[in-house]
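*Asks:* Fold the following, please.
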Amino acid sequence: MALARQQGRTRLYVAGDHGMRAEWRTFRPNAALREAGLLVLDRAGHIDLSQSRAASANGYWISVNRIGRRGGIVPESQVGAVMDEVRRALLAVRDEWGRAVVTRVIDRRDPQAHALGIGGATGGDVYYDLADGYAWLSDAEGAVVGDASHATGGHGFPSTSSDMHSASCSWLPGATGAARGSTAPTRHCARRDALVGDHAGAVAPEAPRAGDAAGGTQGAGRPRCTVPPSGHARVSRWELGAKSA
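*Replies:* Residues are numbered from 1 along each chain as shown. Okay, the predicted model is just below:
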């Protein structure tokens, strides 16, 4: 704030990168794939890529084990069919009370995939959202659903989920006629970034490109609003010509 007072047009922006969701239950996507016959474990309990058609390496998303990837076995002509099997397997998961655990499934073919940043060489093929209270685990052994050891909070969910929205605050020294500080919910990074960009005279953000946030490189000096290809990684970022994290 001291620096802002010294610079005539300086405005201070503070924003959260994501919201939080309460978690007290667990969901293992790889266990669901295992039970559906899409994933096979070896004797040591590790995923056997020589026999598995789909797997989740991180819990965020599920990838088809296509030919062209290390250990891949699924021909390109069958990738769509495997994605359909993954979708059915996820949506079929129920808890002990018969309630659906997976509430939404999106794959790279869906019309909304591009807007969400889904796809790209470094992204997954199938993404999902979970019912309230559930956290995902990447291990393939154990039950598909269960109780967590303790309640916690997490943010590994789609950026479009309301509980993943954050808040932003702007502060302008010397403002009169209105409160100097203002806050507003941050529903999408483009809205906040447009405000910052207008003040800074920056180039307007481009539409997100699939896979950018997982390994794309922005052009120097071109502000961009990117949505990670994890519909589950959810953190949208304002980047100025930097290599995506």
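*Asks:* Which SSE is immediately downstream of the helix or strand V79 falls within?
*Replies:* Per DSSP states H and E: V79 is located in helix 79-91. Moving toward the C-terminus from helix 79-91, the next helix or strand (DSSP H and E) is strand 102-107.
*Asks:* just the angle between that following strand and helix 79-91, please?
*Replies:* Angle of strand 102-107 versus helix 79-91, following axes from the mean of the first three to the mean of the last three CA atoms, to 10 degrees, is 170 degrees.
*Asks:* which stretches of the protein form strands?
*Replies:* For the chain, strands defined by DSSP state E occupy the ranges 12-15, 21-27, 54-55, 61-64, 102-107, 126-130, 133-136, 145-154, 166-171, 181-186, 223-226, 237-240.
*Asks:* Can you add mean pLDDT and give those strands back as CSV?
*Replies:* Converted to CSV, the strands of the chain look like this (pLDDT from 0 to 100):
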stretch, mean pLDDT
strand 12-15, 78
strand 21-27, 96
strand 54-55, 98
strand 61-64, 96
strand 102-107, 95
strand 126-130, 95
strand 133-136, 95
strand 145-154, 94
strand 166-171, 77
strand 181-186, 49
strand 223-226, 34
strand 237-240, 24
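*Asks:* First-to-last residue distance for stretch 12-24?
*Replies:* 37 Å (CA to CA, to the nearest Å).
*Asks:* can you dump the C-alpha coordinates of the helix holding V79 into CSV?
*Replies:* Taking Å, rounded to 0.1, in the frame of the first residue of the first chain, the C-alpha atoms of helix 79-91 are listed here in CSV:
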residue,chain,number,x,y,z
VAL,A,79,-10.0,-44.4,-28.0
GLY,A,80,-13.5,-43.0,-28.2
ALA,A,81,-15.1,-46.3,-27.2
VAL,A,82,-12.8,-46.6,-24.2
MET,A,83,-13.7,-43.0,-23.1
ASP,A,84,-17.4,-44.1,-23.3
GLU,A,85,-16.6,-47.1,-21.1
VAL,A,86,-14.8,-44.8,-18.6
ARG,A,87,-17.8,-42.5,-18.5
ARG,A,88,-20.2,-45.3,-17.8
ALA,A,89,-17.9,-46.8,-15.1
LEU,A,90,-17.7,-43.4,-13.3
LEU,A,91,-21.4,-42.6,-13.5
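*Asks:* Please name the bridge partners of the nearest residue to G146 once chain neighbours are set aside.
*Replies:* Distances taken as CB to CB, 6 or more residues apart in numbering place T26 nearest to G146, at 5.3 Å, with adjacent residues excluded. Glycine gets a C-beta too; all of them are placed from N, C-alpha and C. Legend: beta-bridge partners of T26 under DSSP bridges are A135, G146.
*Asks:* Distance-wise, check T26 relative to W97.
*Replies:* With distances taken as CB to CB, to the nearest Å, T26 is found 16 Å from W97.
*Asks:* ok, now G59?
*Replies:* In this view, G59 and W97 are 23 Å apart by CB to CB.
*Asks:* okay, those two: which has more neighbours?
*Replies:* G59 (18 against 5; other CB atoms under 10 Å).
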